[in-house]
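A.B. asks: Build me a structure from this.
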Amino acid sequence: MDAEHTLIVHPLDINQENVLRAFFETFKIKFEVTKEKPYNQDFVNMVLQAENGIKQGKGKKVTSEEFDNLWK
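C.D. replies: The predicted structure follows:
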């Protein structure tokens, strides 16, 4: 029987991580460990600022022809 949900847990320290790993292994629950880090906050702020600028009408509109010419 397949589970209906995916759980994402965020242990606060290595002790919590070890307890969770032991729990999952004991109950034969499949789990994955990733070392993904969140985006750099400066990058996030830059993207949010750009999105706000677009909402305020700032930016440059480019035709599809102008866009295609960028690659030539």
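A.B. asks: where are the low-confidence patches of this protein?
C.D. replies: 1-3 (pLDDT under 70).
A.B. asks: Show me where it has its helices.
C.D. replies: Counting by DSSP state H, residue ranges of the helices within the chain are 14-26, 41-55, 64-69.
A.B. asks: From the chain's centroid, how far away is the last one?
C.D. replies: For helix 64-69, the gap between its own C-alpha mean and the chain's C-alpha mean amounts to 30 Å (Cα atoms, centre = their mean, to the nearest Å).
A.B. asks: try the first one
C.D. replies: Shown here is helix 14-26, whose average C-alpha point lies 24 Å from the average C-alpha point of the whole chain (Cα atoms, centre = their mean).
A.B. asks: Now do that helix: everything it contacts.
C.D. replies: Contacting residues not belonging to helix 14-26 are listed as 9, 11, 29-31 [Cβ atoms under 8 Å, 6 or more residues apart in numbering]. For glycine as for every other residue, the C-beta is placed from the backbone atoms N, C-alpha and C.
A.B. asks: With only the CA atoms kept, save that helix in PDB.
C.D. replies: The C-alpha atoms that make up helix 14-26 are tabulated as PDB, following Å, rounded to 0.1, in the frame of the first residue of the first chain:
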ATOM      1  CA  ILE A  14      22.500  15.900  15.200                       C
ATOM      2  CA  ASN A  15      20.800  14.200  18.200                       C
ATOM      3  CA  GLN A  16      17.400  14.700  16.700                       C
ATOM      4  CA  GLU A  17      18.700  13.500  13.300                       C
ATOM      5  CA  ASN A  18      20.100  10.300  14.900                       C
ATOM      6  CA  VAL A  19      16.800   9.600  16.700                       C
ATOM      7  CA  LEU A  20      14.800  10.100  13.500                       C
ATOM      8  CA  ARG A  21      17.100   7.900  11.500                       C
ATOM      9  CA  ALA A  22      16.800   5.100  14.200                       C
ATOM     10  CA  PHE A  23      13.100   5.500  14.200                       C
ATOM     11  CA  PHE A  24      12.800   5.200  10.400                       C
ATOM     12  CA  GLU A  25      15.200   2.300  10.200                       C
ATOM     13  CA  THR A  26      13.300   0.500  13.100                       C
END
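A.B. asks: which parts of it are buried?
C.D. replies: Buried residues in helix 14-26, counted by 16 or more other Cβ atoms under 10 Å: none are found.
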